[in-house]
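Novice: Following is a predicted model, sequence given first.
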Amino acid sequence: MDRLCLPRLEPAGLDGWMVRLFDAIEETNLLWLTALTHDCEAAFGESLVDLVPSYTTLLVIFDPLQISAWQARQRLAKVLARLAPQEGIGAEGELHEIATWYDPSVGPDLARVAELSNLTETAVIDAHTRRDYRVFALGFSPGFAFMGLLDERLNCPRMDTPRQNVPAGSVAIAGQQTAAYPTATPGGWNLIGRTSARLFDRNRDGFSLLKVGDRVRFVAVDRPDFASEGGDTAPVPACRETGR
């Protein structure tokens, strides 16, 4: 509990409060943030509009026609006063195995990551597939899941110049995080492979394949298996990084 000595309530517009529980990203944060999410749902009831969890914070959006900002703050203060991680809540999460083709043609930054990590490309792939990742937050684009934590050896900065178009399914890393792009968007993360998984589908209940608290395991597959699952094998041009 001593790690939770800094809860701060920060105003987020006329209808929201940002609850900041931690300053550092750690997997154990999720136990507290998940418990806080459940407690806020019970405390706010119908006056709650949305809850947006992240690595260290929870954004609480309420209906200002039903509850004032000051009343919302008082409710949050009461929730925080008795907050404790609840056994079992957010501890496991659904496990998703994401088949991924790791290849320079679809992961043009694989060599860059290997160089910065002082590893071979094979060792980068092995390190990326060796552990399960927790989904900490959804954002940036629909279905985009921020996952962590990476093997420390793979901790690489974002690209200096983001790509204007990152193909859907691109598997990438940046800092302590990894992700897969649900749709084609601009992006500055290091691309190391591609998955055929449909991460965002308007015909799926909830749209997003991944949810906060879920676990993800990337599984390496070869090109034929990737293509047989409908994966897009079109190559991605390498990005020229100045000064690297």
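Specialist: Arrived safely, thanks for sending. Numbers count the residues shown, from 1 in each chain.

Novice: ok, which stretches of this protein are strands?
Specialist: With DSSP state E as the criterion, the chain has strands at 8-11, 16-20, 48-53, 57-62, 95-101, 133-138, 145-148, 163-166, 170-174, 177-180, 185-187, 190-195, 215-220.

Novice: for these, which one sits closest to Ala227?
Specialist: Taking CB to CB, strand 95-101 is the member of those nearest to Ala227, at 8.4 Å. No exception for glycine: its C-beta is placed from N, CA and C like everyone else's.

Novice: Identify each buried residue in that closest one, please.
Specialist: Neighbour-count burial for strand 95-101, with 16 or more other CB atoms under 10 Å as criterion, is recorded at 96, 98-101.

Novice: Which segments of this protein make up each domain?
Specialist: 2-81, 95-228 (automatic domain parsing).

Novice: what's the first-to-last distance across the last one?
Specialist: The first residue of domain 95-228 is 23 Å away from its last residue (CA to CA, to the nearest Å).

Novice: Verify the stated contact: Asn155 with Gly175.
Specialist: Yes: Asn155 is within contact range of Gly175, at 6.1 Å (criterion: CB atoms under 8 Å).

Novice: picking up where we left off before, mean neighbour count, the domains of the chain: which tops it?
Specialist: domain 95-228 (a mean of 18; mean count of other CB atoms under 10 Å).

Novice: how much space between Arg82 and Leu36?
Specialist: Noted for Arg82: a distance of 11 Å to Leu36, by CB to CB, to the nearest Å.

Novice: whoops, Arg131 was the one
Specialist: Distance from Arg131 to Leu36, by CB to CB: 26 Å.

Novice: so what does the longest helix along the chain touch, helix or strand wise?
Specialist: In the chain, assigned by DSSP state H, the helix with the most residues is helix 29-44. Contact analysis of helix 29-44 by 3 or more CB pairs under 8 Å, 6 or more residues apart in numbering; DSSP states H and E lists strand 48-53, strand 57-62, helix 69-81, strand 133-138 as its packing neighbours.

Novice: what sits up against it?
Specialist: With contact meaning CB atoms under 8 Å, 6 or more residues apart in numbering, helix 29-44 is reached by 4, 19, 21-22, 48, 51, 53-58, 60, 62, 67, 72, 75-76, 78-80, 82-86, 89-91, 134, 136, 212-213.
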